[in-house]
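Participant: What follows is a predicted protein model with its sequence.
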Amino acid sequence: MSKEDTEVQGQLISTRQSILDAASKLIAQKGVKDTSLADISKEVGISKGTLYYYYSTKNDIIYDIADIHLKQITDELLSWINNIEQNVEPEDILKVVFERISTAETRGKLHLYLISDAVTSNEPLKQRFREKYKEWRIALEDGLRKVLKNRTADYRVLSYIILAALDGFTIQWRLGEEEIPIDGIANLLSKIK
């Protein structure tokens, strides 16, 4: 590849990333339905025609955003599992997972908007979330086996509870009604025999 081709390729990737960043920001502020391609092109500082060159539909942008968003959460879960040290208490590990995933400000809003779109009207997005939730649940189950070593707990059932709790914490965090007792919840779950 020539130097010019490499520069063009770099510019294409940069512009695509700018589009995704702007769209993510707007969706986190306004929601999926209230964010238009015109809004996105204006935020990026490009024409709608240029935007169409990169993405022909809003759904294409949403799918890429969802993939990036879901990958970030997956990477955090896998990192958590891979970095479990033998001398760390299960309660401490669970607290970190709950806090990191459920309290991320922009990502939390984006997650809720994407989930809303997936469960109400966007079947392809719903399928992506189904696949990722299954992957996350299995990753959680594997992590729980490492964290709660040699206990008789049903790790599969516990993984469903934690995954549901993470979504619930994200919603509660966004509502901001009261302090979520993450420490107490992590303590309770870590005591399961």
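Facilitator: That came through fine.
Participant: and residue 119, how many residues sit next to it?
Facilitator: 11 (other CB atoms under 10 Å). The way it works is simple: take the backbone N, C-alpha and C, and place the C-beta from them, glycine included.
Participant: Nearest residue to it in space, please, no chain neighbours.
Facilitator: residue 126 (6.4 Å; CB to CB, 6 or more residues apart in numbering).
Participant: For that neighbour, which three-state class applies?
Facilitator: When classified by DSSP: H, G, I helix; E, B strand; the rest coil, residue 126 comes out as helix.
Participant: Confirm for me that it is in contact with residue 115.
Facilitator: No: Residue 126 lies out of contact with residue 115 (CB atoms under 8 Å); the separation is 9.2 Å.
Participant: Counting neighbours, go ahead and name the busier of the two.
Facilitator: More crowded of residue 126 and residue 115, by other CB under 10 Å: residue 115, with 18 against 15.
Participant: pretty sure that one contacts residue 129?
Facilitator: Yes: here residue 115 lies in contact with residue 129, judged by CB under 8 Å, at a distance of 6.7 Å.
Participant: Return the alpha-carbon coordinates of the helix or strand of the chain with the lowest mean pLDDT using PDB.
Facilitator: Averaged element by element with mean pLDDT, DSSP states H and E, the chain has its least confident helix or strand at helix 90-102 (a mean of 76). Taking C-alpha atoms only, helix 90-102 is exported to PDB below (Å, rounded to 0.1, in the frame of the first residue of the first chain):
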ATOM      1  CA  PRO A  90     -15.000 -12.400  46.400                       C
ATOM      2  CA  GLU A  91     -16.800  -9.400  47.900                       C
ATOM      3  CA  ASP A  92     -14.100  -7.000  46.600                       C
ATOM      4  CA  ILE A  93     -14.200  -8.500  43.100                       C
ATOM      5  CA  LEU A  94     -18.000  -8.300  42.900                       C
ATOM      6  CA  LYS A  95     -18.000  -4.700  44.100                       C
ATOM      7  CA  VAL A  96     -15.600  -3.700  41.300                       C
ATOM      8  CA  VAL A  97     -17.700  -5.400  38.700                       C
ATOM      9  CA  PHE A  98     -20.900  -3.800  39.900                       C
ATOM     10  CA  GLU A  99     -19.400  -0.300  40.100                       C
ATOM     11  CA  ARG A 100     -17.500  -0.300  36.900                       C
ATOM     12  CA  ILE A 101     -20.300  -1.600  34.700                       C
ATOM     13  CA  SER A 102     -23.300   0.000  36.200                       C
END
